[in-house]
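Undergrad: have a look; sequence and predicted model below, questions after that.
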Amino acid sequence: MFNLVTKHKRVAQLILFLLMVPFAFFGVDFYFRGGGLEGLLATVGGEKITENDFNDAIREQSDTLRRQMGANFDPKMFDNAQVRFALLDNLVNQKLVSNKARDEKFRVSDAQLQQYIGSIPTFQVDGRFNNDRYRMFLAAQNMPAPYFEQRLRQDLMTGAVQDAITQANIVAHSSAERFIGLLEQQREVALATVDIDPFLKDVKVDDAQVREFYDKNPAAFQVPEQAKIEYLLLTPDALSAQVTVTPEEVRKQYDASAAQYTAPEERSASHILIPVAADAKEDAIAAAKKLADEIYAKAKANPAKFADLAREFSKDPGSAAQGGDLGSFGRGSMVKPFEDAVFAAKTGDLLPPVRTEFGWHVIKVTGERGAHTRPFEEVRAQIEAELKKQKAAQKFATAADQFQNLVYEQADSLAGAAKALDLKVETTPGFVTRAQAQAIGLGSAKFVDALFSPDSIQGKRNTEAIEVGTNALISARILEYKAAAPRPFDEVKNEIRQQLVRKAASELAQKTGQAKLAELNAGKTDSGVGLAFGKPITVGRGQFQPGLPPDVLNRVFMVDPQKLPAYTGATNERGGFSIVRVLKVDTPAVADKARVDAASERLSSEVGRELFNAYLASLRAKTEVKINQAQLDKR
């Protein structure tokens, strides 16, 4: 399918990021020898989900979240029973869809897989697939190409099952127009507030209340614990300065991998697709052929108009908007009849309609490039960098064991490990808090817990070597320590008094506001309840203003437009109470077809997600799913 690449870009992004991380640290043999416990966590229609599967999922999720959240990432989140169950539940859903794809005989051909991999920007040079980059990328991650390709093929198949559900619904334009109308609806309102300031004078807080609050909330008035530390961080980058690559090694790598640097023969082409279903009747095939012949005649009469004809007639969603341009491709990237026709032609040739499993194609060959080998000088720097990276990774694998042993055996100092591995011990210039220490540990909460553990604080010994990221180990020791200490009562008593006074005044203001709102809804006038509403203003959804925080604004748009004027209100951002009079509702008419189409597509996507969730539920109801809760709880 020519739009396979466009529809599944997200799959490659997930595969490239999520799969490369575990391999980089553990090595491919980890997956084949077993990377964790073999306990059975669930069965889905008789197929097993083991602790190995669960461990892999946790690693992938951890690295994704660590990359997204940085220092805020806390691996302890996976210790939560609900999170663990949700993760296992997701693996069950994946297995359900995978089984369905297998049962329905979904397939991704080698040609489609090659075309898809060739479209991934990571593997391209100057917009074209580069086999050298592909192989070197996978080699750098210690990932065999067959494993990557099989995982990618599997995800494309399960993606096809999902797309069949999520993209098979249509939202009527009338519904989309109503959606836009509600989204852009505006309401005219007037605002009155009951502020806390007038109530401040009525609040009395005595010394006993202040002292009681201080005694009951000691953690709120503490200086956090702090420590001055020294630490040692081991990464491949830290070892790269110790790695050298000789010119002879670079040349040897080039000579030994000449095939990797040979670009195969390529063609570039544009096409106009007139689709025909695989099971179409003869009259439908003939009608499509007739249209393709007519388009071919127009293109032959004026070849310069080919792109315009493609935009007008082509039904390939992946290339029509680009004038039919398919870019460059090698043999094996396209279906055979299409490929044979293109590679038998020359640049500039316009080919009569060619029949494939997708329909009739009118093809224009736009370029050709013969097979050629990239010269050594062109790839030398690339090979040198990759060899250096590989050596650093290999050195890290050896150094990691030595690092772990040294920081444990010479627990009173990091100097021995630093000297043995030619690393530098870093020392913080002053005292750091837990949050600052976590930043040093590349966001690892486990590192902070080990550093500030009682044993570390009292013994001032090295922490164990802790993994704080992919191919990153750290050990640290406390040099000086300051325990958390409460601020003296006399230092904070005025702050506490002000806090208690404002809290009590806020409660009085909110109680008064709620009472006035009830009176207005009962029919009293503004003056009758002692309120003065401001000048009417027009607001839209999400247009927050002073006195109209999200909760208040949401209530404004919940008011029945058939019963105006109406009153609503809620606590505002200053601790007082906002009362809103809703006077008028303006729902705009929508005439812009492009916006309606976009809204329809958005709603279709939302409906598709709901349908897919329902589909998953139906698959689950038809499949015997067993969760080993006891085994999951052991984790």
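TA: Cool, got the structure. Not measured: the values here are computed from a predicted model.
Undergrad: per-residue confidence at residue 416?
TA: Residue 416 carries a pLDDT value of 91.
Undergrad: may I see the buried residues of the host helix or strand of it?
TA: Applying DSSP states H and E as the criterion places residue 416 in helix 415-421. For helix 415-421, a neighbour-count test (16 or more other Cβ atoms under 10 Å) marks 417-418, 421 as buried. Every C-beta, even on glycine, is put in place using the N, C-alpha and C of the backbone.
Undergrad: avg pLDDT for the following helix or strand past it?
TA: Next in sequence after helix 415-421, counting helices and strands by DSSP H and E, comes strand 426-427. Mean pLDDT, strand 426-427: 94.
Undergrad: could you check how far the helix or strand just after strand 426-427 is from the centre of its chain?
TA: Counting by DSSP H and E, the next helix or strand C-terminal to strand 426-427 is helix 434-440. With Cα atoms, centre = their mean, to the nearest Å as the basis, helix 434-440 stands 25 Å off its chain's centre.
Undergrad: and the next element down the chain from helix 434-440?
TA: Taking DSSP H and E, what comes next after helix 434-440 is helix 445-451.
Undergrad: who touches that next one?
TA: 73-76, 227, 229, 434, 437-438, 441, 456, 463-464, 466, 468, 474, 476, 478 (Cβ atoms under 8 Å, 6 or more residues apart in numbering).
Undergrad: which strands and helices sit next to the strand or helix carrying residue 328?
TA: Per DSSP H and E: residue 328 is located in strand 325-330. Packed against strand 325-330, as judged by 3 or more Cβ pairs under 8 Å, 6 or more residues apart in numbering; DSSP states H and E, are the following elements: helix 110-118, strand 128-129, strand 266-275, strand 359-369.
Undergrad: let me have the ones you listed in CSV, extended by mean pLDDT and distance to residue 55.
TA: Listed next are those as CSV, based on pLDDT from 0 to 100; distance: least, Cβ to Cβ, whole Å:
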stretch, mean pLDDT, distance to residue 55
helix 110-118, 83, 27
strand 128-129, 82, 33
strand 266-275, 92, 42
strand 359-369, 93, 45
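Undergrad: and residue 609, which of these is closest to it?
TA: Comparison of the helices and strands packed on strand 325-330 against residue 609 by Cβ to Cβ identifies helix 110-118 as nearest, at 23.7 Å.
Undergrad: what comes up buried for the closest one?
TA: The neighbour-count check on helix 110-118 (16+ other Cβ under 10 Å) flags 111-118 as buried.
Undergrad: before we move on, what about stretch 203-216?
TA: Buried, per 16+ other Cβ under 10 Å, within stretch 203-216: 203, 205, 210, 213-214.
Undergrad: okay, and which of those residues map to strands?
TA: Assignment to strands by DSSP state E places none of the buried residues of stretch 203-216 there.
Undergrad: now, which of those lie within helices?
TA: 210, 213-214 (DSSP state H).
Undergrad: any weak-confidence spans in the protein?
TA: 1-38, 67, 70-72, 75-76, 140-142, 168, 591, 634-635 (pLDDT under 70).
Undergrad: how about the residue in it that sits furthest from its center?
TA: Centroid-distance maximum for the chain: residue 528 at 54.9 Å, with Cα atoms, centre = their mean.
Undergrad: and the strands in the stretch 501-635 of the chain?
TA: Applying DSSP state E, counting those that start in this stretch to the stretch 501-635 of the chain gives strands spanning 537-540, 566-571, 577-586, 625-627.
Undergrad: can you tell me which of those strands is nearest to residue 144?
TA: strand 625-627 (31.7 Å).
Undergrad: before we move on, the earlier item: just so I know, which of the helices and strands packed on strand 325-330 lies nearest residue 543?
TA: helix 110-118 (43.6 Å).
Undergrad: quick check: angle from the closest one to strand 325-330?
TA: When axes from the mean of the first three to the mean of the last three Cα atoms, to 10 degrees is applied, the directions of helix 110-118 and strand 325-330 differ by 110 degrees.
Undergrad: now the element after helix 110-118, going C-ward?
TA: Next along from helix 110-118, by DSSP H and E: strand 124-125.
Undergrad: so what touches that following strand?
TA: Residues outside strand 124-125 that contact it (Cβ under 8 Å, 6+ apart): 118, 130, 133.
Undergrad: was I right to think the first one contacts residue 129?
TA: Yes. If you go by Cβ atoms under 8 Å, residue 118 and residue 129 touch, sitting 3.7 Å apart.
Undergrad: thinking again about what came up before, by contact count, what packs against the helix holding residue 416?
TA: Packing partners of helix 415-421 (3+ Cβ pairs under 8 Å, 6+ apart): strand 226-234, helix 376-409.
Undergrad: rerun at 6 Å
TA: Where contact means 3 or more Cβ pairs under 6 Å, 6 or more residues apart in numbering; DSSP states H and E, helix 415-421 is packed against helix 376-409.
Undergrad: chain center to the helix it packs on: distance?
TA: 29 Å.
Undergrad: angle of it against strand 226-234?
TA: 130 degrees.
Undergrad: next, the buried residues of helix 376-409.
TA: 379, 382-384, 386-393, 395-396, 399-400, 403-404, 406-407.
Undergrad: on that earlier part again, dump the helices and strands packed on strand 325-330 into JSON lines; add distance to residue 621 as well.
TA: Formatted as JSON lines, those follow (distance: least, Cβ to Cβ, whole Å):
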{"stretch": "helix 110-118", "distance to residue 621": "32"}
{"stretch": "strand 128-129", "distance to residue 621": "43"}
{"stretch": "strand 266-275", "distance to residue 621": "36"}
{"stretch": "strand 359-369", "distance to residue 621": "38"}
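Undergrad: residue 98: which of the ones you listed is closest?
TA: Per Cβ to Cβ, nearest to residue 98 of those: helix 110-118, 16.7 Å.
Undergrad: dump the closest one to CSV, restricted to CA.
TA: Extracted in CSV, the C-alpha atoms of helix 110-118 (Å, rounded to 0.1, in the frame of the first residue of the first chain):
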residue,chain,number,x,y,z
ASP,A,110,9.0,-7.8,2.5
ALA,A,111,8.6,-5.0,-0.1
GLN,A,112,6.3,-3.0,2.1
LEU,A,113,8.6,-3.4,5.0
GLN,A,114,11.6,-2.3,2.9
GLN,A,115,9.7,0.7,1.7
TYR,A,116,8.7,1.6,5.2
ILE,A,117,12.2,1.3,6.6
GLY,A,118,13.5,3.3,3.7
